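> just need the structure, nothing else, for what follows:
(2 chains)
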Amino acid sequence: MNRRKALLGTALISGIVYSGYKLFDFFTPHNIEKLDLNKALIDELAEIIIPRTETPGAKDVLAGELIIKLLKDCTTTNTQNNFIAGLMQLKSAAISEYGKEFLNCSLPQQITLLNIIEQDEKPFNGIVWKIQKKLLGKSFIYTLKEYTTKAYCTSMLGATQGLKYVLIPGRRLACTDAEPNQKSWATQ
Amino acid sequence: MQNQTKNRGPPNNAMANIENTDTLSTAININSNGLTQHTFDAIVVGSGISGGWAAKELCEKGLKTLVLERGRDVKHIKDYTTALKSPWDFDHRLINTQKDLEECPIQSTAYDEGNKHFFVNDKEHPYIQENPFHWIRGYQVGGRSLTWGRQCYRLSDLDFEANSKEGIAVDWPIRYKDLETWYSYVEQYIGISGRKEGLSQLPDGEFQPPIAFNCIEDYFAERIKKIYSDRVVTPSRVANLTKGLSGRGPCQYRNLCSRGCPFAAYFSSNSVTLPAAFATGNLSLIPHSIVIEVLYDKEKKRANGVRVIDAITKQTTEYYARIIFLNASTIATAAILLNSTSSSFPNGLGNSSGQLGHNLMDHFQLAGATGIYEGYKDKYYYGRSPGSIHVPRFRNIDEKTKRSDFIRGYGLQGKGERLSWDDMYATTEGFGVDFKDKITKPGTWEIMMGGWGETLPNFNNQITLDETKKDQWGLPLVKVEFKYGENEKAMRYDIKESCAEMLEKTGFKNINAFEYDKPPGSAVHEMGTARMGLDPKTSVLNAFNQLHDVKNVFVTDGSCMSSSATQNPSLTYMALTARACQYAVDEMNKGNL
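Presented below is the predicted three-dimensional model:
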């Protein structure tokens, strides 16, 4: 707890506190260009969430581009604000904790920072989360994971290689034996 | 009146059932550049699920029929522009934009990027909500038959007798035996997959083989059968073909029905009834034609046509016919009749009872439960099912199942699946290889189910026409007033409890019983605004869907429903339409119409 406080200041501590910046511009559009200015960071964050393994990763499907598009077109103002504020906080946390830009941190360092914020933003479920989401918008890491996952799983490479996809199944086998290392269907 | 309801079956061969050669019309071919004549044997207003049936039946019986559709044309296959697209073909990957939510706050609750072109724009088509009420609409040829849920269930005498037994609203003027053969006729023609269960409250129909349960649905159904003597889990009865039928289908298991099916594997007006009507050579169909009112001839005491405004040019025209079928959908049909005022009918055509526009109903789907099952990790499925599981009504069926807290009942519909990435990103912690691995593998099995509850008819739930506000065509805006009553609230609680209990008793875990506050109308089952009944003083339509007051006007869409029952209603609209068409033609042949 002390470490987290030291790391992130008071803004991200728990529950609804992450809306601290609402005092001045909660419902007004944040500086939306900050998304484009931080495209490289968003690309990297998406790849940290869904890295390339034996199958394509987030960068391979150009997830960053789509995340920004979804943030601009499909996202409420307060969730946009949470996201941009989260990005800024992540950047300054990297500097205060490791003395360098987030993009220059090692992968373990990056994941450490993200884990701390994710734990801080919990719960992702239950009534507190529902109220929080409705009143204050979705939190930074939630949105980041949501859009990264959607960008990846609905992309051609993600759907056909990371997952399994058939445009026209043609038949229904209601109960099959799962294959070893069975991939999930991209669409239901 | 009762003797009118004698059980007349559908024709054995509809195509051969042409007796009426003495038709009013003269011209046959209508070209798209302009109508050469304005007089027909029959006019059908609306081309959705019931209008399409009226068109087919009347055309096949030899009547020169004009179908007026207020929206654009949608040609089968050619205009299913998104049907073969994959998620990555869509700009926003099927996620609605903020602009969608702002411009179409109502319709966007029902559409996505893949089918939004089959829904109206709320800004262009406003209505007034005195209380929140979602009026989901599709103004195009085919109407909402393109986007419907395809679940088809027969009503039973439990439903037809309920109003009478409980002294609620008015008695239905028909009983199950009046519709039974018509249900069969429609089912055989459109193709419905399902399983016979022998239940009195949900009569069996003419079914193609059901869409098979996956292993969790199978497991759930088996366990429910062992634990409960009063209920059964059956494959939903859906208008999706599991076998080919008349050159259509079979289903390719894409589960993208609402974009239009290039395989014609589910039933829609566009793919089935309208082509059949066109094939007779008797059909004229004019899109962009908004019906303003039904015209009434005071001397002859009958309707003689309709006045129409062109949605694009805003020019008005009149068309005339011997009979008129209104199939514009529940709210729109009532609005047309309310707007059809004359010295004989100052409060709307056929409204001597004062019931027109009242008794609006919708099924409520406000509660249910989910649960996960830790087993069958080695099982999966291939193909995307357009069906679901169905638990037919089990409350207030007989003395044993009688409830003290509410009357009538509800059916449950749901689905069993393995969780996928879309269900898991929010609850999977961490970043990197493990996260990716978890969300790209099938998750635990889950069943989700929710209730479709009967809503009681209530005079105060109504649509009226606003006296001052008008739309861009100068037509008065529709005003909707609707509130759920105590019976629905009590039932809602029971739905939640019973869903959770069924999942718990069958070994599911992490059970989440939910209630949500969807506005009424969200089931898109609005009905009841021109109810059928025996007495012209208390109902708008008779046992054959004729206006009591004006016998050559028939209403066979959802407006006619005297009660809502729990079943998805479209099948009943289709059966009533086919039956009313037969009756209309018989009466014309007898010289009564």
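> can you verify A:I42 is assigned to a helix?
Yes: assessed with DSSP: H, G, I helix; E, B strand; the rest coil, A:I42 lies in a helix.
> any idea whether B:R322 is helix, strand or coil?
strand.
> quick check: it vs B:F394, distance?
According to Cβ to Cβ, to the nearest Å, B:R322 stands 47 Å off from B:F394. For glycine as for every other residue, the C-beta is placed from the backbone atoms N, C-alpha and C.
> which one's more surrounded, those two?
Higher neighbour count among B:R322 and B:F394: B:R322, with 23 against 19, using other Cβ atoms under 10 Å in any protein chain shown.
> ok, the more buried one touching B:L58?
No: if you go by Cβ atoms under 8 Å, B:R322 and B:L58 don't touch, sitting 10.7 Å apart.
> shared neighbours of these two, anything?
Common neighbours of B:R322 and B:L58, counting by Cβ atoms under 8 Å, 6 or more residues apart in numbering or on different chains, are B:D41, B:A42.
> for chain B, which segments count as helices?
B:49-60, B:98-103, B:157-160, B:162-166, B:176-190, B:215-227, B:274-279, B:330-339, B:421-424, B:433-439, B:486-505, B:570-589 (DSSP state H).
> out of those helices, deepest packed?
helix B:49-60 (a mean of 31; mean count of other Cβ atoms under 10 Å in any protein chain shown).
> now for that helix, which elements pack on it?
strand B:39-45, strand B:65-68, helix B:274-279, strand B:283-286, strand B:316-326, helix B:570-589 (3 or more Cβ pairs under 8 Å, 6 or more residues apart in numbering or on different chains; DSSP states H and E).
> may I see the buried residues of the fifth one?
Residues of strand B:316-326 classed as buried by neighbour count (16 or more other Cβ atoms under 10 Å in any protein chain shown): B:T317, B:Y319, B:Y320, B:A321, B:R322, B:I323, B:I324, B:F325, B:L326.
> alpha carbons of it, as CSV, please.
Output of strand B:316-326 as CSV, limited to C-alpha atoms (Å, rounded to 0.1, in the frame of the first residue of the first chain):
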residue,chain,number,x,y,z
THR,B,316,-50.3,12.6,-51.9
THR,B,317,-52.2,9.9,-53.9
GLU,B,318,-55.2,7.8,-53.3
TYR,B,319,-55.6,4.1,-54.0
TYR,B,320,-58.9,2.2,-54.0
ALA,B,321,-59.8,-1.4,-53.3
ARG,B,322,-62.6,-3.7,-52.2
ILE,B,323,-60.8,-4.9,-49.1
ILE,B,324,-58.0,-3.4,-47.0
PHE,B,325,-55.6,-5.2,-44.8
LEU,B,326,-53.8,-3.2,-42.2
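> helix, strand or coil for the residue nearest in space to the middle of chain A?
The centre of chain A sits closest to A:L144, judged by Cα atoms, centre = their mean, with a distance of 1.4 Å. Classification of A:L144 by three-state DSSP places it in helix.
> quick check: closest non-adjacent residue to A:A178.
B:Y380 (4.5 Å; Cβ to Cβ, 6 or more residues apart in numbering or on different chains).
> what of B:G348?
Nearest to B:G348 is B:L338, by Cβ to Cβ, 6+ apart, at 4.0 Å.
> who are the neighbours in contact with the one you found?
Applying Cβ under 8 Å, 6+ apart, we find B:L338 in contact with B:N347, B:G348, B:N351, B:L356, B:G357, B:I463, B:T464, B:L465.
> nearest to chain A among those?
B:I463 (30.8 Å; Cβ to the nearest Cβ).
> how close does the closest one get to B:R70?
Taken as Cβ to Cβ, the span from B:I463 to B:R70 is 17 Å.
> likewise for B:H363?
25 Å.
> check what pLDDT A:E33 gets.
In this model, A:E33 is scored at 87, pLDDT.
> quick one, what contacts it?
Per Cβ under 8 Å, 6+ apart, neighbours of A:E33: none.
> so how far is A:K39 from it?
Applying Cβ to Cβ to A:E33 and A:K39 gives a distance of 11 Å.
> next, count neighbours for whatever residue of the stretch 201-350 of chain B ends up closest to chain A.
Of all residues in the stretch 201-350 of chain B, B:A212 sits closest to chain A, at 3.7 Å by Cβ to the nearest Cβ. Counted with other Cβ under 10 Å, residues neighbouring B:A212 total 19.
> from the chain's centroid, how far away is stretch A:147-163?
14 Å (Cα atoms, centre = their mean, to the nearest Å).
> now do the end-to-end distance for it.
17 Å (Cα to Cα, to the nearest Å).
> list the buried ones in that stretch?
So for stretch A:147-163, counting by 16+ other Cβ under 10 Å, buried means A:147-155, A:157-163.
> is A:P180 in a helix, a strand, or coil?
Strictly by three-state DSSP, A:P180 counts as coil.
> quick one, phi/psi of it?
When read as degrees, to the nearest 10, the backbone of A:P180 gives phi -60, psi 140.
> can you give me the end-to-end span of stretch B:233-253?
21 Å.
> and it, average pLDDT?
Per-residue scores along stretch B:233-253 average to 98.
> try stretch B:210-227
98.
> ok, stretch B:281-298 next?
Stretch B:281-298 comes out at a mean pLDDT of 98.
> same question for stretch A:90-108.
96.
> need the residues of the stretch 1-150 of chain B near chain A, please.
Residues of the stretch 1-150 of chain B lying near chain A by Cβ under 8 Å from any Cβ of the partner chain: B:84, B:86-88, B:91-99.
> all set now, cheers.
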